[in-house]
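Peer 1: how would this look folded up:
(4 chains)
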There are 4 protein chains.
Amino acid sequence: MQTHAVTMLGTGLIGDFYTMTLHGQRGRDRVRVVYSRSEGRGRAFSERWAIPEFTTDMREAIEHPETDVVVVALPNHLHEAAVKAVAAAGKAVLCTKPLGRNAGEAQRMLEAVEKAGVFGGYLEDLCYTPKSLKAIASARAGAIGDVTWVRSRETHPGPHSAWFWDGRLTGGGAIIDLGCHCIEIIRSFVGKGNRPVEVMCTTDTLVHPIADEDNAIALIRFESGAIGQFEVSWTFRGGMDLRDEVAGTHGTIWINHFLRTGFEIFSAGTTSGYVAEKAESTAGWLFPVGDEVSELGYVDMFTDMFRAMDEGGVPQETFYDGYVVNAVMDACYRSAAGRAWEPVVLDWRGGTTPRIAKTPEMFEGQVVIKREILPDGRQKLILKDPATGDFVDRVVAGA
Amino acid sequence: MQTHAVTMLGTGLIGDFYTMTLHGQRGRDRVRVVYSRSEGRGRAFSERWAIPEFTTDMREAIEHPETDVVVVALPNHLHEAAVKAVAAAGKAVLCTKPLGRNAGEAQRMLEAVEKAGVFGGYLEDLCYTPKSLKAIASARAGAIGDVTWVRSRETHPGPHSAWFWDGRLTGGGAIIDLGCHCIEIIRSFVGKGNRPVEVMCTTDTLVHPIADEDNAIALIRFESGAIGQFEVSWTFRGGMDLRDEVAGTHGTIWINHFLRTGFEIFSAGTTSGYVAEKAESTAGWLFPVGDEVSELGYVDMFTDMFRAMDEGGVPQETFYDGYVVNAVMDACYRSAAGRAWEPVVLDWRGGTTPRIAKTPEMFEGQVVIKREILPDGRQKLILKDPATGDFVDRVVAGA
Amino acid sequence: MQTHAVTMLGTGLIGDFYTMTLHGQRGRDRVRVVYSRSEGRGRAFSERWAIPEFTTDMREAIEHPETDVVVVALPNHLHEAAVKAVAAAGKAVLCTKPLGRNAGEAQRMLEAVEKAGVFGGYLEDLCYTPKSLKAIASARAGAIGDVTWVRSRETHPGPHSAWFWDGRLTGGGAIIDLGCHCIEIIRSFVGKGNRPVEVMCTTDTLVHPIADEDNAIALIRFESGAIGQFEVSWTFRGGMDLRDEVAGTHGTIWINHFLRTGFEIFSAGTTSGYVAEKAESTAGWLFPVGDEVSELGYVDMFTDMFRAMDEGGVPQETFYDGYVVNAVMDACYRSAAGRAWEPVVLDWRGGTTPRIAKTPEMFEGQVVIKREILPDGRQKLILKDPATGDFVDRVVAGA
Amino acid sequence: MQTHAVTMLGTGLIGDFYTMTLHGQRGRDRVRVVYSRSEGRGRAFSERWAIPEFTTDMREAIEHPETDVVVVALPNHLHEAAVKAVAAAGKAVLCTKPLGRNAGEAQRMLEAVEKAGVFGGYLEDLCYTPKSLKAIASARAGAIGDVTWVRSRETHPGPHSAWFWDGRLTGGGAIIDLGCHCIEIIRSFVGKGNRPVEVMCTTDTLVHPIADEDNAIALIRFESGAIGQFEVSWTFRGGMDLRDEVAGTHGTIWINHFLRTGFEIFSAGTTSGYVAEKAESTAGWLFPVGDEVSELGYVDMFTDMFRAMDEGGVPQETFYDGYVVNAVMDACYRSAAGRAWEPVVLDWRGGTTPRIAKTPEMFEGQVVIKREILPDGRQKLILKDPATGDFVDRVVAGA
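Peer 2: Here you go, the predicted model:
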């Protein structure tokens, strides 16, 4: 296992989270230099995390002779230029979500990285939460049969930084901010080789006085017939609601990442003692998480990235994945504007996936719709006559 | 408070539930006569519930001289004729959900009841669960502000009776069976005077070898801008999943009616002792409910119906509500077929509802997007310049 | 099923709950006359619940010619006299919990009722919650094997009425108020014929400036070897915490009656709209219950009482049960004072219960301690040599 | 931050967990040599974790020239000798829980480490779970007021290795195995300077054919008046139940470490796909945890140990803490045998802690017992007359 020296581009909340992760626990990797557009923020960040150097010159940061990996933790409109500069410098690049403001930007970043032959990782943390990793592995191992439906919900009362609210800089509103997580979570469960075929999306701006959507719901139809459903909102009240639900032909998965994780505090609130981050208040019933950078996937994400880098392999989340996510979001925005199902326009590399299918069970020439075990041990069959389409109940001896 | 003598039409599962409720606890009302198409089932039912008479003649049952209320607990395709017969007999009629197989049937039933001047009640139990009643009252009292979104989910592994699977008899699949509940729950939260304007729905038949949908998702846009979302499925694994979620501008409501209600049993399963109804197994972790007829709303439903009858008033759930639900379901089926948003075609009696709106807060000529309290007590404002559309952060003294 | 006319003695919170239950839903029974020591409270109560008469003469209320059942809903120190007066009047008497301030009072009440030959019912509602009834039935049907341990916890921030705080009137503090529930819940799970042999209890007064305990924990050892454990507190923060946990040799039961029942509301609290009773605030995350009189057992309790009365049978909760509970509480107070295990002094009618026992499984002359299934299907046995007492692992082929 | 090379003594389940943690994620530390009593297990372990060397000579392992830290992951009866050997070798020693089989052993280990001047860390992982760390910090910051009660529960169906069942090797049964965790969790919440004064414990052997306890409950009274309560069992059914509950004068904390952490899977179980460790089955509802070594505290535990080592400081969990835990367990066993409260015999270094106390609020010469806000905004006071001890209600204007 090698040790990596990192150039961090950006000093916002996400830069803090990344650095907290890299410098956390017994981590062997370190941020060596940080770039900020503002000297004050760069200095503060470098002091906060004991980083040897900071600079306001992005190129200098990227080309720093002692770093081998560059993490792009900048606002969305700066991703493309930054990624291209890192590719040109021949270094590994890890880019925060979303990859681009749209599929065009994302595709150019993908090409830049592939052309330069450098390592590209897409920092989609929520696909790396320990619960997600285990659930995805369970689903792939067949524990819930064929996946028919995935719901991914990510909502909170709105972002903390000004630039997030400006669709010109980000590419949109709540979809760009939160939907990108949901789409990749959905893909992880239905299978990354399962092509997202078309999208139906509705958006609205219900609470905040902004030009972009503060609420959106979308349905994504995959080639297998599975449906992905996401709900994103900047108007949720009560904290941050991150939940995933997966339905399969033989099972169900429910994941709650944040507000109900087995940790509950009631505080009468008479002290100034800290209780929980991101709670809307410091009194009443509060629902903290344990180790946020672990529970939100940052720890496993960087582990996977560096493992892939060291082994010359491919990380779980690639620039190509980021591009697919952008393509789905583009379709969402087109669908919301046109109020219609929209195809996902995409340079697809994932092959084909067969339709979810089940050979019906037969019983004396009739199709078995359902078997139920009766209290006396016998079985009730619901049968369909294939000729007439009529349905009947039939009680038979137990198995 | 008067005492009612009931004619029960139908001896299926829902007839059992209704009679269990009417005859339950210290109930003053009794089923006096039961009608079944089958003499055997009629006899068994009357013995099971100590009902004095049974008959295979529906007219005789309806016109029984000692009953004043007729409960229609028949398969969907028999509702219209039964309701018309009861109206003709001049008795109060309570009809199970869905009212009709489609809005046309429902509207004719509504007209029959109104023309005859008899009491008509729509037996939509899930709007009457004690949790729902309290949550709806909280929402109406303003506890969560303006309702922006309601999710109602009703899924299980598929119905117990053969006729449910035959869309010719029912009017459809999982939407007709389960979606009718969801739609009325959603209406209860967004306000019954809030017109359902249009619907986007997608359906599929993924698991069962039937002609109708075993899975469906729909979005309903209301006049206020609120979105209702329902998910219904006959392919859910793990029991029966009945959950409602409501988002408002100032709060959130989460209701779980069945699988997680504070009652959990692990059984190694070595005995034949009963543990939980509707569980898929009798071993492992099981999640029973307490008093099913109470928790599913049957008790409060009949109380409201008889209260309204006795007071000459209107019950919470009327034939008109049943008709609206059918109209929304019709739009769902058209939308799924046409893959487009479809208007809800409806003889609307509910008036108009204004758009959810908030006057933006201003600060020194800028629009306040968000206020956050910093650990040191100061406030961080995210401000938007109305002229340029630019966003900035600004830290000010605390309130 | 007969209809009962009730004399209600007492107009406090519990009188309200009882009357709300009796007059609730489609109840056939009615409170005919209410007695209060105060004319003002009597009048207000009778108006609140549409009761035809009120009086400040207890004897008059008891002997009212039109009532056949008297409910004792008075402070504890008035139970004995009231019960004796009802017995003398030859009417059925239902007495709220605890039966007496101590076992002596309870035993005299038991004798009075038995001597007079009148029906006596002990209004222990928490043994009648729908969850409890189902869980107790499951346990008795063997779903969790032999019960080895029951925890019953009942805590809240303290009672609402002044007299509750005065141990001279009540017989104690949190044990008398809340422990009586726990003890009877525990008995219901371990079996009512399972003799409570001895008790270890510790009490303290940690928060409130009162003479009696505001916190107590007790262990009750039953003849079978099962342990009951209760925790009661008048200093709990966050609402009312009512939870029962049952461990058996083949299973587990967890019941949450109040704070986590699948109903959650977050309110930003800007309105005066009601949200939840007994919450400590009206903002933040709140956890209401659905139908309180149903969920807390009042509905099923009165149904059982009247059913037993009508059938000439015995209710689930009798005066004898109330006496047993008082005897256990007496032992708790002696144990807390003497800091030692104390026998439960009791005129026992319940027979004997054998010790929980299991014949050890043998394998090739060794005692099998545990079997674990390995991932490859083989089994790992942990074996004990009966001669030497040594333990070894042994892997064998799967079953 | 330095990098440490570790000698691992022991190749059992706990050795696996420790090594999985040390070698996990981006960890900079490595196990350099492993000692096992069995050559086969040593080889397998070294191959499983890519450890350069293994040996069956403990001394050789301890004195390995390239390691600076020795982790004792051996059965309990081997701890003392191992710790003394490491101390003699002048290396840092980290010893798994419990420190000794009794306080005598623990005290000798403590002395050995202190005399030799080497670093000693007590590997009590459950005090290091991310939830525990945050909850303990909240409690110390005053978020729940004075801690009055802590319940720590640790139960499962019994250990996986033969030696655990032999009290001669371990020092006892479920208390020694599981109670050690609970005691230290309790101390962390009530404050480590809060002396454990006395203990009341009851034990039984209800299910397994062994000589030691398979179930135990204990109460620990601390100098402040706070009560710690632990429940340990080797007979729990349904998985592993790890829960902590903390009551304070101004708040409440509930932590669930294992069975309900926001991750739920239902599997019809028709596949061999893995779902969850430590579940009793692979079908039905299962409750996995995310990242077990993180959620159970191993990651933060080693981070704290190495941090303290590098800084020349003291870890959160020391050999002295391990000794205190053993002293409390000794008192538990004496109490269970003698059926009486037993003092905790202890060489106490923690200073004194004042009794939990509150100055009563006065209102017009009366003691305020409780204030309740009425629906109309007024306040109801429950008042106690200090002279007579009588209690009255009094309604006053709102604050």
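Peer 1: For the helix or strand encompassing A:Glu114, buried residues please.
Peer 2: For A:Glu114, the host element (DSSP states H and E) is helix A:103-116. For helix A:103-116, the buried set under the neighbour-count rule, 16 or more other Cβ atoms under 10 Å in any protein chain shown, comprises A:103, A:105-107, A:109-110, A:112-113, A:116. Every residue, glycine included, has its C-beta placed from N, CA and C.
Peer 1: Stretch A:341-355 too?
Peer 2: By neighbour count, and taking 16+ other Cβ under 10 Å as the criterion, the buried residues in stretch A:341-355 are A:341-342, A:344, A:346, A:350, A:353.
Peer 1: Give me the nearest residue to the residue most central in space within chain A, chain neighbours excluded.
Peer 2: The C-alpha lying nearest the average C-alpha coordinate of chain A belongs to A:His181 (Cα atoms, centre = their mean; 2.5 Å). Closest residue to A:His181 apart from its sequence neighbours, by Cβ to Cβ, 6 or more residues apart in numbering or on different chains: A:Leu126 at 4.5 Å.
Peer 1: Next secondary structure element downstream of the longest helix anywhere in chain A?
Peer 2: In chain A, assigned by DSSP state H, the helix with the most residues is helix A:319-338. Scanning the chain past helix A:319-338 towards its C-terminal end, the next helix or strand to appear is strand A:342-343 (assignment: DSSP H and E).
Peer 1: can you give me how far the helix holding A:Glu114 is from the chain middle?
Peer 2: For helix A:103-116, the gap between its own C-alpha mean and the chain's C-alpha mean amounts to 20 Å (Cα atoms, centre = their mean, to the nearest Å).
Peer 1: now stretch A:229-247: mean pLDDT?
Peer 2: Here stretch A:229-247 scores 97 as its mean pLDDT.
Peer 1: Give me the contact status of that stretch with chain C.
Peer 2: Yes - under the criterion of Cβ under 8 Å from any Cβ of the partner chain, stretch A:229-247 makes contact with chain C via A:237-239.
Peer 1: Quick check: residues of chain A near chain C?
Peer 2: Proximity of chain A to chain C (Cβ under 8 Å from any Cβ) is limited to residues A:237-239, A:266, A:268, A:280-281, A:283-287.
Peer 1: can you pull the contacts of A:Leu99?
Peer 2: A:Leu99 makes contacts with A:79, A:105-106, A:109-110, A:122, A:319, A:322-323, A:325-326, as judged by Cβ atoms under 8 Å, 6 or more residues apart in numbering or on different chains.
Peer 1: now the helices: where do they sit in chain A?
Peer 2: So, for chain A - with DSSP H - the helices run A:13-22, A:39-48, A:58-62, A:79-89, A:103-116, A:130-140, A:167-170, A:174, A:180-190, A:292-295, A:298-311, A:319-338.
Peer 1: Now mean pLDDT and distance to D:Lys84 too, for these, in TSV please.
Peer 2: TSV is the format used below for the helices of chain A (pLDDT from 0 to 100; distance: least, Cβ to Cβ, whole Å):
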stretch	mean pLDDT	distance to D:Lys84
helix A:13-22	97	39
helix A:39-48	97	44
helix A:58-62	98	53
helix A:79-89	98	55
helix A:103-116	98	57
helix A:130-140	97	38
helix A:167-170	96	62
helix A:174	98	62
helix A:180-190	98	51
helix A:292-295	96	36
helix A:298-311	98	37
helix A:319-338	98	55
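Peer 1: For A:Glu213, find the nearest of those helices.
Peer 2: helix A:174 (5.5 Å; Cβ to Cβ).
Peer 1: The stretch 201-350 of chain A: strands as residue ranges?
Peer 2: Counting by DSSP state E, counting those that start in this stretch, the stretch 201-350 of chain A has these strands, from start to end: A:215-222, A:227-233, A:241-248, A:251-256, A:263-267, A:284-286, A:342-343.
Peer 1: Ok, which of the ones you listed comes nearest C:Glu213?
Peer 2: In terms of Cβ to Cβ, the element of those nearest to C:Glu213 is strand A:263-267, at 22.4 Å.
Peer 1: Kindly reformat the buried residues of helix A:103-116 as JSON lines containing distance to A:Lys91.
Peer 2: What follows is the buried residues of helix A:103-116, written out as JSON lines (distance: Cβ to Cβ, whole Å):
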{"residue": "A:Ala103", "distance to A:Lys91": "25"}
{"residue": "A:Glu105", "distance to A:Lys91": "20"}
{"residue": "A:Ala106", "distance to A:Lys91": "19"}
{"residue": "A:Gln107", "distance to A:Lys91": "21"}
{"residue": "A:Met109", "distance to A:Lys91": "14"}
{"residue": "A:Leu110", "distance to A:Lys91": "16"}
{"residue": "A:Ala112", "distance to A:Lys91": "12"}
{"residue": "A:Val113", "distance to A:Lys91": "11"}
{"residue": "A:Ala116", "distance to A:Lys91": "9"}
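Peer 1: Quick check: residues of the stretch 251-399 of chain A near chain B?
Peer 2: So far as Cβ under 8 Å from any Cβ goes, the stretch 251-399 of chain A lies against chain B at A:251-252, A:339-341, A:356, A:358, A:360, A:367, A:369-370, A:372, A:380, A:382-384, A:389-393.
Peer 1: Counting neighbours, which of these end up buried?
Peer 2: Neighbour-count burial (16+ other Cβ under 10 Å) applied to these gives A:251-252, A:340-341, A:356, A:367, A:369-370, A:380, A:382-384, A:390-391.
Peer 1: how about these, which pair is most distant?
Peer 2: So for those, where distance means Cβ to Cβ, the most widely separated pair is A:Ala340 and A:Lys380, at 43.7 Å.
Peer 1: What does A:Asp291 show for phi and psi?
Peer 2: Backbone geometry at A:Asp291, expressed as degrees, to the nearest 10, gives phi -100, psi 100.
Peer 1: do you know how far the residue nearest to it when sequence neighbours are not counted is from A:Pro130?
Peer 2: Distances taken as Cβ to Cβ, 6+ apart place D:Pro130 nearest to A:Asp291, at 3.5 Å, with adjacent residues excluded. Going from D:Pro130 to A:Pro130 by Cβ to Cβ, to the nearest Å gives 11 Å.
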